[in-house]
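Student: Fold the following for me, if possible:
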Amino acid sequence: MSLESRIEAGGRRALRSPLWVGLLITAFLVVPTFLVPGIPLWIALVSLVTLAPLVLLGTYAVYHLYWWVTGSNGEAGDAGVVEPDGESPLERLRYRYATGEIDEATFERTLERLLETEPRKGRTAAYNDPDLLRE
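Tutor: All right, here's what the predicted structure looks like:
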């Protein structure tokens, strides 16, 4: 997996996280109160302490309502996720094993599962050729 696709995947994960989105919204609302010279520091701190929990709770509520309405769970494994750079699942598995992201036992289990579900070339050729089916 290329660096660009890893960064993009990390960005998608961050946007799926209500915590990070809530913290960004809180920062957007509160940071200006720290920067304006006329506002005392205690008012900026009070706004941070009162707004942060409210914004985080609101963000979680909106995300969960959206996930409930759409029927998804907000994880990366949802349907509709396209494989980056056209890599096959086998290539991704090999890369994860080579980089040490997964151990040997996990690699072996997943490899067996992938090979069981992968169509065999000879079998698909027989299904596509009517002459081979008659024999």
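
Student: Can you give me the buried ones in stretch 92-109?
Tutor: For stretch 92-109, burial by neighbour count (16 or more other C-beta atoms under 10 Å) applies to 92-93, 97, 107. For the C-beta atoms, the positions are set from N, CA and C on the backbone; glycine is no exception.

Student: Give me the contacts around stretch 41-55.
Tutor: Surrounding stretch 41-55, the residues in contact under the criterion C-beta atoms under 8 Å, 6 or more residues apart in numbering are 22-23, 25-26, 29-30, 33-34.

Student: Okay, buried residues for it please.
Tutor: Those buried within stretch 41-55 under the rule 16+ other C-beta under 10 Å are 44, 47-48, 52, 55.

Student: and if you look at stretch 10-28?
Tutor: In stretch 10-28, the ones that count as buried by 16+ other C-beta under 10 Å are 16, 18, 21-22, 25-26.

Student: on that earlier part again, include pLDDT and distance to Leu114 when you put the buried residues of stretch 41-55 into TSV, please.
Tutor: Converted to TSV, those look like this (pLDDT from 0 to 100; distance: C-beta to C-beta, whole Å):
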residue	pLDDT	distance to Leu114
Ala44	87	54
Ser47	89	52
Leu48	89	49
Ala52	89	44
Val55	92	42
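
Student: Make JSON lines out of those and add secondary structure and distance to Val69.
Tutor: As requested, the buried residues of stretch 41-55 are arranged in JSON lines below (DSSP: H, G, I helix; E, B strand; the rest coil; distance: C-beta to C-beta, whole Å):
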{"residue": "Ala44", "secondary structure": "helix", "distance to Val69": "36"}
{"residue": "Ser47", "secondary structure": "helix", "distance to Val69": "32"}
{"residue": "Leu48", "secondary structure": "helix", "distance to Val69": "31"}
{"residue": "Ala52", "secondary structure": "helix", "distance to Val69": "26"}
{"residue": "Val55", "secondary structure": "helix", "distance to Val69": "21"}
